[in-house]
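Undergrad: Sequence and predicted structure below; questions after.
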Amino acid sequence: KYLDDQGYLFFAPIGGVDAHLVPGQRVTVHTSGGPVPGVVGKRPIHQIEPKDRDKVVPFKSQFIDIGCTDKEEAARLVSIGDPVTFSVGVERLQGSRLTSRALDDKMGAFIVAQVLREVRRTNNLSVDLYGVSTVQEEVGLRGGATSAYGVQPDIGIAVEVGFASDYPGADHKDLGEIQLGKGPIIARGPNINPVLFDLLMATAKEEEIPCQVMGIPRATGTDANVMQLVHGGVATALISIPLRYMHTPVEVLDWADLEGAVKLLSALCNRITASHSFVPN
């Protein structure tokens with residue numbers, strides 16, 4: 001947003017970023033000339049009064065140091081509006097679990113691609129199938145809205161991540177009991193077509209795919225929101241991968257849940273026919 005005279009970069013978050021997490025992180029500024037490494041500055045704890053150490057530093061007071069000595073040098077490297085990401089990648093943990101930034105929602109796009117590969121391999125489709133990797137979900141579901149409007153589907157399935165509740169301090173009364181490694185989450189609520197929900201559950205049972213159900217008594221906050229409202233209405237579902245520590249640089253998931261989601265969605269696509277009605281009784 002702003003370069004000061006000393007070459008520091010001031011910025012604002014895109015989407016839901018926790019201001020607690022950002023100071024002291026390595027970041028990458030993505031510029032037209034290529035990536036520029038930087039760090040988000042942080043006052044040493046020795047220089048912070050004890051009463052202030054637990055306070056959140058607001059985004060408007062945070063800054064990025066890319067090592068420049070003045071504004072002119074910084075301006076040769078970066079421009080107003082360049083996006084910034086955390087500089088962390090994928091790392092395997094124990095068993096089939098891994099950690100990374102932005103698993104929300106790269107994993108949704110990955111699952112969609114894998115489903116397309118699988119249904120092409122089995123060659124049992126009797127309906128048209130579109131796989132879409134949407135953009136700007138975090139700032140208004142924009143890609144989901146334009147894509148659904150263009151495709152005009154009869155059925156729309158959002159593939160997402162969902163809140164796991166299997167870590168210390170998680171509130172099961174609020175989040176439900178959702179665990180890593182226990183299968184993909186099938187959402188249920190007013191954003192979800194009940195006939196499509198029942199078909200997903202039946203498919204999971206017949207294919208012996210472990211799954212979990214999450215009740216969502218409102219709009220889901222995913223592309224399923226906008227898909228449901230396109231044209232005369234779309235039968236909508238939401239499949240999610242359990243995810244710990246959402247919207248942090250250290251999101252954690254279990255690869256087995258991804259494999260379950262691919263298997264479930266592939267089996268569902270192969271069993272839907274043009275004669276299926278998704279009008280609830």
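TA: Arrived safely.

Undergrad: List the residues that contact K1.
TA: Taking C-beta atoms under 8 Å, 6 or more residues apart in numbering, we find K1 in contact with F10, F11, A12, I80. Placement of C-beta: from N, CA and C, glycine included.

Undergrad: For S61, grab the count of nearby residues.
TA: 11 (other C-beta atoms under 10 Å).

Undergrad: Report pLDDT for P242.
TA: Predicted confidence (pLDDT) for P242: 98.

Undergrad: correct me, but V57 touches G24?
TA: No - checked against C-beta atoms under 8 Å, the pair V57 and G24 is beyond contact range at 10.3 Å.

Undergrad: more neighbours, these two?
TA: V57 (18 against 10).

Undergrad: Any idea how many residues pack against the closest residue to the more buried one other than its chain neighbours?
TA: Setting aside the residues directly before and after it, V57 is nearest to P23 in space (C-beta to C-beta, 6 or more residues apart in numbering), at 5.8 Å. By the criterion of other C-beta under 10 Å, P23 has 16 neighbours.

Undergrad: and P23, what is it in contact with?
TA: V40, G41, K42, V57, Q62.

Undergrad: What values do phi and psi take at the first one?
TA: Translated: V40. phi -90, psi 120 (degrees, to the nearest 10).

Undergrad: try Q25
TA: phi -90, psi 150.

Undergrad: Next up, the contacts around the closest residue to it other than its chain neighbours.
TA: Distances taken as C-beta to C-beta, 6+ apart place V40 nearest to Q25, at 5.0 Å, with adjacent residues excluded. Residues counted as contacts of V40 (C-beta under 8 Å, 6+ apart) are V22, P23, G24, Q25, V27, Q62, F63, I64, D65.

Undergrad: And for the fourth one, the neighbour number?
TA: The tally of other residues near Q25 (other C-beta under 10 Å) stands at 17.

Undergrad: Test my guess that it contacts T85.
TA: No - Q25 is not in contact with T85 according to C-beta under 8 Å; the separation is 10.1 Å.

Undergrad: how close does L229 get to Y149?
TA: Noted for L229: a distance of 10 Å to Y149, by C-beta to C-beta, to the nearest Å.
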